[in-house]
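Student: A predicted structure for the sequence below; I have some questions about it.
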Amino acid sequence: VSWRRILGHEAIVTSLARAVAGNRLGHAYLFSGPAGAGKKTLAIELAKALLCEGSGKARFNACDQCHSCAMIEAGTHPDYQLVGRPADKVELPIETIREMSEFLTLKPARGDSKVAILDDADDLSIAAANSLLKTLEEPPTGTVLILISTAAEVQLTTIVSRCQVVRFHPVPTSQIEQWLRSQDVDPAQVQRLARMSGGCPGQALELAEPTLWNFRAALLEHLSNPSPDAVAFAKKWVEFVEEAGSVSGPQRRRTALCLKLVIDLLDNALRASVGAPDATFDADEARAADHLAKRLGTDRLLTLTDRCLEASKQNDMSVQLVLVIESLVDSWSQAVR
Ligand SMILES: [Zn+2]
């Protein structure tokens with residue numbers, strides 16, 4: 001029952017099941033793939049399957065009924081830890097790794113295994129990464145540690161070489177659509193969210209956030225305005241991004257989602273400009289795309305899209321957010337002049 005909760009990634013589940021059946025499960029895994037792909041969900045499900053007391057280990061399928069399964073859901077299982085970067089920190093501090101390592105060395109309280117999931121492994125400080133290495137070099141018996149990272153390439157090679165790397169690929173759009181219909185999402189948005197998610201169910205859900213679509217409306221108005229006020233719009237955008245949280249992580253995440261919305265908007269207009277509008281659009285959407293296409297034309301739309309992709313890269317590379325947004329909006333006004 002339990003694995004059905006995981007969207008896509010059937011090959012990963014199968015290979016983990018084989019490893020468990022053959023008693024070949026590793027001590028350390030690095031789950032890598034884009035944000036929202038389902039890495040953490042799968043890691044938690046793996047922890048549940050390994051610690052479940054109801055279904056028997058051989059079945060590798062959490063029963064979702066026993067005390068152990070319930071405690072993992074609640075985050076209170078004594079042999080399970082899910083840790084990550086604290087909300088008010090820019091980096092994942094060494095203290096977090098020390099506590100996690102200590103947890104792993106203690107004898108299991110209930111069965112014979114322990115599972116730790118380290119989220120936000122991209123944000124490990126140098127000291128934390130070095131401390132983690134020690135645990136990876138001498139993993140306590142019966143323990144499984146799962147690191148969650150957007151890409152193996154951002155980790156120290158010494159860390160990667162001590163982990164089994166599991167790469168998460170995009171989930172098919174049709175599967176995401178089907179799943180979104182069971183979530184608390186406006187049914188009219190389902191197709192569009194699935195298309196924009198890039199194969200990451202978590203991103204589809206993030207994009208369903210209503211404030212983002214208010215921002216998108218403001219964005220459309222800005223792009224359609226014959227004499228746009230770049231300074232005012234950039235200010236509005238920065239404020240919106242800062243509302244996501246006081247630290248860089250959530251702000252960059254929101255910036256990435258905003259940029260996704262802009263690129264999608266420009267892409268819609270681009271399709272309209274070459275006479276191939278998206279058939280899934282409703283009337284409002286089609287009208288907006290058409291209007292933008294007529295106002296800007298194919299060449300300018302391509303230029304604007306290029307600038308957004310560049311801004312997206314800068315955001316990933318941690319360029320100061322105010323600079324990324326201001327220079328993007330400024331270059332738009334030059335492009336549409
Ligand atoms: Zn169970």
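Tutor: Nice, I can see it.

Student: sec struct for the residue lying closest to Thr303 once chain neighbours are set aside, please.
Tutor: Spatial nearest neighbour of Thr303, chain neighbours left out: Ala335 (5.1 Å); criterion: C-beta to C-beta, 6 or more residues apart in numbering. Where C-beta positions appear, they are placed from N, C-alpha and C, glycine not excepted. Following DSSP: H, G, I helix; E, B strand; the rest coil, Ala335 is assigned to helix.

Student: burial measure for Gln164, as a count.
Tutor: Gln164 has 17 neighbouring residues, counting by other C-beta atoms under 10 Å.

Student: Excluding covalently adjacent residues, which one is nearest to it?
Tutor: Using C-beta to C-beta, 6+ apart, the nearest residue to Gln164 is Gly26, at 4.4 Å.

Student: pretty sure that neighbour belongs to a strand, no?
Tutor: No. Looking at Gly26 with three-state DSSP, it is coil, so not inside a strand.

Student: Help me confirm that the residue nearest to Thr303 comes into contact with Leu304.
Tutor: Yes. Under the criterion of C-beta atoms under 8 Å, Ala335 makes contact with Leu304 at 5.8 Å.

Student: Please identify which of those two sits among more neighbours.
Tutor: Higher neighbour count among Ala335 and Leu304: Leu304, with 23 against 16, using other C-beta under 10 Å.

Student: which residues does that one contact?
Tutor: Leu223, Leu266, Leu296, Trp332, Ala335, Val336 (C-beta atoms under 8 Å, 6 or more residues apart in numbering).

Student: tell me the mean pLDDT over the host helix or strand of Leu147?
Tutor: Using DSSP states H and E, the element containing Leu147 is strand 143-149. The pLDDT scores in strand 143-149 average 97.

Student: next structured bit after that strand?
Tutor: The C-terminal neighbour of strand 143-149 among helices and strands, as given by DSSP H and E, is helix 157-160.

Student: mind listing what's buried in that following helix?
Tutor: Under the neighbour-count criterion of 16 or more other C-beta atoms under 10 Å, helix 157-160 has Ile159, Val160 buried.

Student: quick one: contacts of that helix?
Tutor: Around helix 157-160, the neighbours that count as contacts under C-beta under 8 Å, 6+ apart are Leu30, Ala129, Leu132, Leu133, Leu136, Leu147, Ala152.

Student: In ChimeraX, how would I select just the buried ones from the residues you listed?
Tutor: The buried subset of the contacts of helix 157-160, as determined by 16+ other C-beta under 10 Å, is captured in ChimeraX by this line:
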select :30,129,132,136,147,152
